[in-house]
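Visitor: Got a sequence here, can you build the structure:
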Amino acid sequence: MMKSSVRSRRADRFRALCLLLGICFSLAPVASRAEDSSEPTRRSGRVTVDAGMDLVSSYIWRGIYLGGPSFQPSVTMRAGNFTLGAWASVDFVASSYKEVDLQVRYQWKGLTFQVSDLYDEGSTSNRDVLTSRNYFHFGADSPHRVEAGVAWQVSRKVPVTLSWYTILFGASDVDTEGRRCYSSYAEVSYPFAVKTIEMRAGVGVAPWKTAGVNGAKGFAVKNVFLTAGRDWSFRNMGSFRLGLFTQLAWCPFKEDVNLVGGVSLRM
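Guide: As a prediction, the model looks like this:
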């Protein structure tokens, strides 16, 4: 039984990788033609800082419900192709969820590479495996998760984005038998506009087993989503922007659905 289960897990991973590679190779010829006709990427050494805050009716992460109405502040600093960012989410009704993420990204043409430190001390997914929730604790039971990822936008003319993210460190990525799962998430998304409304549709999957209460036992469709939003700027208010957005997200894996509304403030 043990050997058969191992073979089954390997088969799930192989099928998932074949699926993603098949999508990539099928889009590659389109990407090469489009990139040849696009404008060269502009580079600038100027440092810019952006700050903002979202107020959302519920916190949904990759199709999974994590918290109720939440404040989600953020700040980013950009220098050339590098971006440093900090993002947080706090459930302000039940005060049961707190998350603070740090991220560094590097953009090269249509590729974006990123490494993120995901710290949360109140999620049900890691409450049963963490004995320490201290921020500066990085042992075997650390509440931190380190995730590496890459996203590829095919081109400006074909703005399909393929992305892949994998957890490399953290107690909540270990299963009940003490084995690291390297929990991963792959997504295909496409932006479009309907009159003045900016929209995005996409599908996200877990290519193999993931750890935690919300973990999948194998390949699973986690996130089928459609977002819609619009921003407004105002005279005599500089870079300040106000936005409204909604997201309809189905999670076939959890047999769940969520409709989220939010307000964003940017400066």
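Visitor: Let me see the mean pLDDT of the strand of greatest length in the chain.
Guide: Counting residues, the longest strand found in the chain (DSSP state E) is strand 220-233. Averaging pLDDT along strand 220-233 yields 97.
Visitor: Sheet-wise, list the partners of it with their directions.
Guide: strand 197-206 (antiparallel), strand 241-251 (antiparallel) (DSSP bridges).
Visitor: Sketch out the strands for this structure, chain order is fine.
Guide: Listed in chain order, the strands of the chain (DSSP E) span 47-56, 59-61, 64-67, 70-79, 82-91, 98-108, 111-120, 144-153, 161-169, 184-194, 197-206, 220-233, 241-251, 256-266.
Visitor: now the ones you listed in CSV, with distance to G178 and mean neighbour count?
Guide: The way it works is simple: take the backbone N, C-alpha and C, and place the C-beta from them, glycine included. Shown next, in CSV, are the strands of the chain (distance: least, Cβ to Cβ, whole Å; neighbours: other Cβ atoms under 10 Å):
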stretch, distance to G178, mean neighbour count
strand 47-56, 35, 15
strand 59-61, 25, 21
strand 64-67, 23, 22
strand 70-79, 33, 16
strand 82-91, 29, 17
strand 98-108, 25, 16
strand 111-120, 21, 17
strand 144-153, 17, 18
strand 161-169, 15, 17
strand 184-194, 19, 16
strand 197-206, 20, 18
strand 220-233, 22, 16
strand 241-251, 28, 17
strand 256-266, 29, 15
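Visitor: Rebuild the ones you listed as a markdown table, extending it with distance to N134.
Guide: Shown next, in a markdown table, are the strands of the chain (distance: least, Cβ to Cβ, whole Å):
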| stretch | distance to N134 |
| --- | --- |
| strand 47-56 | 26 |
| strand 59-61 | 23 |
| strand 64-67 | 21 |
| strand 70-79 | 22 |
| strand 82-91 | 17 |
| strand 98-108 | 13 |
| strand 111-120 | 10 |
| strand 144-153 | 10 |
| strand 161-169 | 16 |
| strand 184-194 | 27 |
| strand 197-206 | 29 |
| strand 220-233 | 30 |
| strand 241-251 | 31 |
| strand 256-266 | 31 |
